Structures are given as structure tokens and as C-alpha cells.
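Peer 1: Below are the sequence and a predicted model for it; my questions follow.
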Amino acid sequence: MMRAAMTTFALTIALGACAAGPTAAPAEPDNPALPSAENDTCGSSMFAELIGKPIDGPGVPGESRLNRHILPGTQVTMDYIAPRMNIEANAQGVIQRINCG
């Protein structure tokens, strides 16, 4: 009798875990070259139209304490500063990604 109760209890626990279903995957940003909305601590989404444009073109924020232009080979610190915007370009100077940190 006791064994049947334990088996029933174990099955109930196992089925309960299955009933919860899979957890939803975190939302991906619409554009992988930009941070997701909850990670956009620097306002980079306002500059989405700059992706694919020259890093020295019009409308691109200049380099400052809170704006970094990062080209291949550029040395940058790895510290995370939420309001800082990183504008990453390829070797031709074309913006590939804009993120915060």
C-alpha cells in the first residue's frame, strides 16, 4: 500500500513538471546589430539607420567619453558603462553594429 502511494506521488511530481511546459526563449532584438529594448541603456536604437553607413558620415555621433568608434584593431577597455554607445565598423569604415557598454 505504501509503495503504491509513493509511486503515485512520484508520478504526480513528474507529470506536474511536464505540465509546466518549456520556458519561452528571451526575445531577440529585431536587428541583431542593435541591443534589445531592455538592453538599450545608451539610446542606440535612435541610430539604427546608421548601420551600413560610413562611420565618419553625417549624423554619426562623434567620439567622446560616452561614444566610441571601434574599428578592427582598435584597443578598447572591456569595462561596461551602460550609457556609453559603441559604434563598430569594419575595415572599410562601414558601421556594422551599435551597442551599449
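Peer 2: Sure, I can see it.
Peer 1: okay, CA-based contacts and neighbour counts for the rest of this
Peer 2: Noted.
Peer 1: Can you classify residue 48 as helix, strand or coil?
Peer 2: helix (DSSP: H, G, I helix; E, B strand; the rest coil).
Peer 1: What about the closest residue to residue 100 other than its chain neighbours, how many residues nearby?
Peer 2: Spatially, and ignoring its direct neighbours in sequence, residue 100 is nearest to residue 85 (4.6 Å; Cα to Cα, 6 or more residues apart in numbering). By the criterion of other Cα atoms under 10 Å, residue 85 has 24 neighbours.
Peer 1: what does stretch 59-71 contact?
Peer 2: Stretch 59-71 is contacted from outside by 47, 50, 55, 76, 83-91, 93, using Cα atoms under 8 Å, 6 or more residues apart in numbering.
Peer 1: Only the buried subset of those residues, as a PyMOL command please.
Peer 2: To isolate the buried members of the contacts of stretch 59-71 in PyMOL, using 16 or more other Cα atoms under 10 Å:
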select buried, resi 50+55+83+84+85+86+87+88+89+93
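Peer 1: Reformat the contacts of stretch 59-71 as CSV; add secondary structure.
Peer 2: As requested, those are exported to CSV (three-state DSSP):
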residue, secondary structure
47, helix
50, helix
55, coil
76, coil
83, coil
84, coil
85, strand
86, strand
87, strand
88, strand
89, strand
90, coil
91, coil
93, coil
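Peer 1: Which two among the contacts of stretch 59-71 are spaced furthest apart?
Peer 2: Greatest spacing in the contacts of stretch 59-71, by Cα to Cα: 83 and 91 (25.6 Å).
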